[in-house]
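*Asks:* Quick one, what's the 3D model for this:
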Amino acid sequence: MYINISAANNQVSQLQGYADKLQQAKSQLNTYKSSLAANWQGREVPYMTRGIDRAIAQIDAAMRELREIAKDVSLAAASIKREEDAAAAAARARAAKEQRIAAAQTAYNTACDDLAKLNMRRDEIMKALKKRPELIRKYKDELGDLIKSIEAAEKKCNSCKNALTAARR
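*Replies:* Below you'll find the predicted structure:
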């Protein structure tokens, strides 16, 4: 759910504006009641002032309700905004984790492919040496370098596997 904070704040301002207008109406009624009591001395004056007091009480109740609604709208909008921000942060974290996993998987696949190529080359040399043992001098240096490369590639492959496992956590 997407919340437009600006629209919610505008609604809060409108509700508070309505409450302010009711406050002005209440003040005008109080002024009218005071003027009535000071300038008119009839038997009906107490009835009129009670009627004005009831109207003022209704205005007070309406003002309280408008202000409570405005407060609730503001709190709800802020709460929804916090939830949206948390969901967006979680989505960014998931995307970052997926990227880390993909990069680690690619590195692991590459390291394993490199190791497989080195092992295939070693197997080719060993097969050639089985057929013709006299070629040992020809392949001696290459075989020594190949064994070192295979050891390094195995370490790299294991390291990449550990990195992939860590990325998946």
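*Asks:* element containing the nearest residue to Y32 once chain neighbours are set aside, please.
*Replies:* Nearest residue to Y32, sequence neighbours excluded (C-beta to C-beta, 6 or more residues apart in numbering): I52, at 6.9 Å. (C-beta placed from N, C-alpha, C; glycine too.) Element membership of I52, judged by DSSP states H and E, is helix 45-131.
*Asks:* re the thing from before, give the full set of residues in contact with the residue nearest to Y32.
*Replies:* Contact analysis of I52 by C-beta atoms under 8 Å, 6 or more residues apart in numbering lists L29, Y32, K33, L36.
*Asks:* Can you select the buried ones among those residues for me in PyMOL?
*Replies:* Buried residues among the contacts of I52 (16 or more other C-beta atoms under 10 Å), as a PyMOL selection:
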select buried, resi 29+33
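*Asks:* Show me which of the contacts of I52 is closest to K140.
*Replies:* Lowest distance from K140 to the contacts of I52 (C-beta to C-beta) belongs to L29, with 110.1 Å.
*Asks:* pretty sure the closest one is touching Q58, no?
*Replies:* No - if you go by C-beta atoms under 8 Å, L29 and Q58 don't touch, sitting 10.3 Å apart.
*Asks:* and stretch 144-159, average pLDDT?
*Replies:* What stretch 144-159 shows for mean pLDDT is 96.
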